[in-house]
Structure formats: structure tokens, C-alpha cells
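Trainee: please work out how this folds:
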Amino acid sequence: MKRYISAFFLILFLFLLETAVLKRIFPSGVMPDLLLSATCIYALLYGRGPGMFAGVMSGLLIDIMFFDVIGINALIYLLIGYTCALFRKYYSKNDIVVPFIVLASADLVQLTLFYVFSYLLRGRLAFLSYLVNIIIPDLIYTAVFGMLIVLFAVWLDRKMYPVSDKPIEDEKQRKKEAEGMQ
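Mentor: Numbers count the residues shown, from 1 in each chain. The predicted model follows:
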């Protein structure tokens, strides 16, 4: 339950940071997607459930605040949270390469799906212009700023769940510890 509560407050904080502060720093409209980064990180750290929860929360916040149709971003972010959780087995908390690749790939997928749902279905076919002016700069910003969120999320995870508090998953290890105490 702590994971969902921390995800909610982190997403709310990142949403406020993105909408209030980053819009002033990046006036061109292309800026890092901090909510996508949070979705990917929660999926990598904790698995499908928290990743999909973070995705739905992020997408709903974006849909409610900025779009007429509610649900498109929530669906996209939900799918990204689910997909990023599949790469959890390749991730260790000391690794930086896997989160970087996952963040960049997730941003590319999110922006491409957003283009398909928002522009292509309406007959706007200027994908090359969208790629050069929106996707590539956004991908770079999200991957770089997302690494800062990765470092913060790993630090937060270590503070919230010290090694002694984490549940033991392996039954053999649990038996060894019980025998060692007797």
C-alpha cells in the first residue's frame, strides 16, 4: 500500500512540477515528460501493478487538465506501465543503461501513439515534421531528466524499504534464517 501512496504523491508532485515550472523553462512546448518517467520507473522497480497504477494516474491527470476526451493518455500510459514492467527482470538498482533505454523507448512509443490517435486519424499526415520538431527533442529531454527521477526513485525505495524490511521471497532462505535463530 505504501507503494501506491508514494506513487500517487510522486506523480502529483511531478505533475505540478511539469505544469508549473517546466512550462516556463521550456517555452517552446517541447519538454521532458516527467509523468512518463515516473510510470516507467515504478514499473521497473515494483512490477505491473504499481506501474499500471502510475500510468493510469498520470494519464488521467493529463487528460483531465489538457484534453477534451478523457482516456486516451490514460490508456497509453497504462500500456506503457504494463510493457515497462516486462523489463523488470533485466533491471538492477545499480544499473543506468536499462532505465535509459526503457525511458527512451517508452517516450518514442507514447509520442507515436499520441500522433496516431490525435493527428493521423484526423487526416494530418505530417509525421516527418512531428518527428523532427516534437519526438526527437522530447525523447532527449525525457531520457535525460528521467535519469534524475530514476536516481530519486531508487533513493526513495532504499529509504522506504531498507534491506532488513524487505520480505524474503525464497522459502529455502527463510528456512535457513529460522534454523540460524535456533
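
Trainee: distance check, residue 74 against residue 137.
Mentor: To residue 137, residue 74 is 24 Å away according to CB to CB, to the nearest Å. The way it works is simple: take the backbone N, C-alpha and C, and place the C-beta from them, glycine included.

Trainee: the two: which is more packed in?
Mentor: Counted by other CB atoms under 10 Å, residue 74 and residue 137 do not tie: residue 74 has more neighbours, with 19 against 16.

Trainee: residue 96: how many residues sit nearby?
Mentor: When neighbours are defined as other CB under 10 Å, residue 96 has 10 of them.

Trainee: quick one: it and residue 145, what's the gap?
Mentor: For residue 96, the distance to residue 145 equals 14 Å [CB to CB].

Trainee: before we move on, what about residue 33?
Mentor: Remark: distance between residue 33 and residue 145 (CB to CB) = 9 Å.

Trainee: more neighbours: these two, which one.
Mentor: Using other CB under 10 Å as the criterion, residue 33 and residue 145 rank with residue 33 on top: 26 against 18.

Trainee: wait, the more buried one touches residue 108, no?
Mentor: No - Residue 33 is not in contact with residue 108 according to CB atoms under 8 Å; the separation is 11.2 Å.

Trainee: how about the contacts made by residue 36?
Mentor: By CB atoms under 8 Å, 6 or more residues apart in numbering, residue 36 lies in contact with 58, 77, 80, 103, 106, 107, 110, 142, 146.

Trainee: rerun at 6 Å
Mentor: Counting by CB atoms under 6 Å, 6 or more residues apart in numbering, residue 36 touches 107, 110.

Trainee: which stretch of helix or strand covers it?
Mentor: Assessed by DSSP states H and E, residue 36 sits inside helix 34-46.

Trainee: so how far is whichever helix or strand comes after that helix from its chain's centroid?
Mentor: Beyond helix 34-46 on the C-terminal side, the first helix or strand identified by DSSP H and E is helix 48-66. Relative to its chain's centre, helix 48-66 lies at 9 Å (CA atoms, centre = their mean, to the nearest Å).
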